[in-house]
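Student: What follows is a predicted structure for the sequence shown.
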Amino acid sequence: MSKRAEEVRQAAEEAAGSKRLMKQHVENLESSSRRERQNSAAVLAEVARMDAALVVPYGSELVEALEKPEAQTRWEALDALTEICAKDSRVCDKALSGAENALYDEDSGPLRLASMRFLCTLGATTENRSEKVWPLVDEGIQCYHGDVEFNEMLLALIEFSTGKLAPSVKEEFAARMKFDADNGKGTLGKRAKQIEANLSKKK
């Protein structure tokens, strides 16, 4: 673990035990300082990974953080919202617009990856949500196929393939992954085949 990661982890552990510190980090999302926004967003994302229930009350503030100009604040907020999905997916519905903007960010691979993870996690919760996110997920697959982050995106897509997907989404998803499942080499082929197998189990 890097020194920076250790610092974030320690700050998250402290915040998890203090409502005052949690509130301060949430307030920092609106700070005029980019560094403060980034640091507090990173801490909140780490708290969410530790115990998402602690961050659920601040879902609306995390959604608003998706409008900040710097990529890191947005990807940390998306990571936190991804963890919140299992606890309160309704607030995550409000993050769809911000996630869509993040998915098409031309300058930040980590931000695009965070968006794909969020969309796949939210879309897996209900058939209706799967239909809402699928056009974005599908376009993401096409746009970023072959990018550095794509292998990581495939992990999110594997999780998506095990979710509560609408029949039309399953069908289109399987069709989208067929070429890679049949012809992909290495990790790409293996993960594409896993997605194909997951989708076929649900038919």
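Tutor: Perfect, I can see it now.
Student: quick one: low-confidence parts of this structure?
Tutor: 202-203 (pLDDT under 70).
Student: would you list every one of the helices in it?
Tutor: 3-16, 19-28, 34-50, 59-65, 71-84, 89-93, 96-103, 109-123, 127-144, 150-161, 167-183, 186-201 (DSSP state H).
Student: Tell me the helices and strands packed up against the fifth one.
Tutor: Spelled out, that is helix 71-84. helix 34-50, helix 59-65, helix 89-93, helix 96-103, helix 109-123 (3 or more C-beta pairs under 8 Å, 6 or more residues apart in numbering; DSSP states H and E). Where you see a C-beta, it was placed from the backbone N, CA and C, and this is true even at glycine.
Student: if we look at that helix, which residues are touching it?
Tutor: Contacts with helix 71-84, where a contact means C-beta atoms under 8 Å, 6 or more residues apart in numbering, come from 29, 34, 37-38, 41-42, 44-45, 47-49, 52, 55-56, 59, 62-63, 65-66, 68, 91-92, 95, 98-99, 102, 105, 107-108, 110-111, 113-115, 117-118, 121-122.
Student: Centroid-nearest residue for this structure?
Tutor: With distances taken as C-alpha atoms, centre = their mean, Phe118 lies nearest the centre of the chain, 2.5 Å away.
Student: so which of the helices and strands packed on helix 71-84 is the most packed in?
Tutor: helix 109-123 (a mean of 25; mean count of other C-beta atoms under 10 Å).
Student: which helices and strands does that one pack with?
Tutor: For helix 109-123, the packing partners by 3+ C-beta pairs under 8 Å, 6+ apart are helix 71-84, helix 89-93, helix 96-103, helix 127-144, helix 150-161.
Student: could you dump the longest one to CSV, C-alpha only?
Tutor: This means helix 127-144. Provided in CSV are the C-alpha atoms of helix 127-144 (Å, rounded to 0.1, in the frame of the first residue of the first chain):
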residue,chain,number,x,y,z
GLU,A,127,-34.8,-5.0,-14.8
ASN,A,128,-36.0,-1.4,-15.2
ARG,A,129,-32.7,0.1,-14.3
SER,A,130,-30.9,-2.4,-16.5
GLU,A,131,-32.9,-1.0,-19.5
LYS,A,132,-32.0,2.6,-18.5
VAL,A,133,-28.2,2.0,-18.2
TRP,A,134,-27.8,-0.5,-21.0
PRO,A,135,-27.5,2.0,-23.8
LEU,A,136,-24.6,3.7,-21.9
VAL,A,137,-23.0,0.4,-20.9
ASP,A,138,-23.2,-0.8,-24.5
GLU,A,139,-21.7,2.4,-25.9
GLY,A,140,-18.9,2.2,-23.3
ILE,A,141,-18.1,-1.3,-24.4
GLN,A,142,-17.8,-0.1,-28.0
CYS,A,143,-15.9,3.1,-27.2
TYR,A,144,-13.3,1.7,-24.8
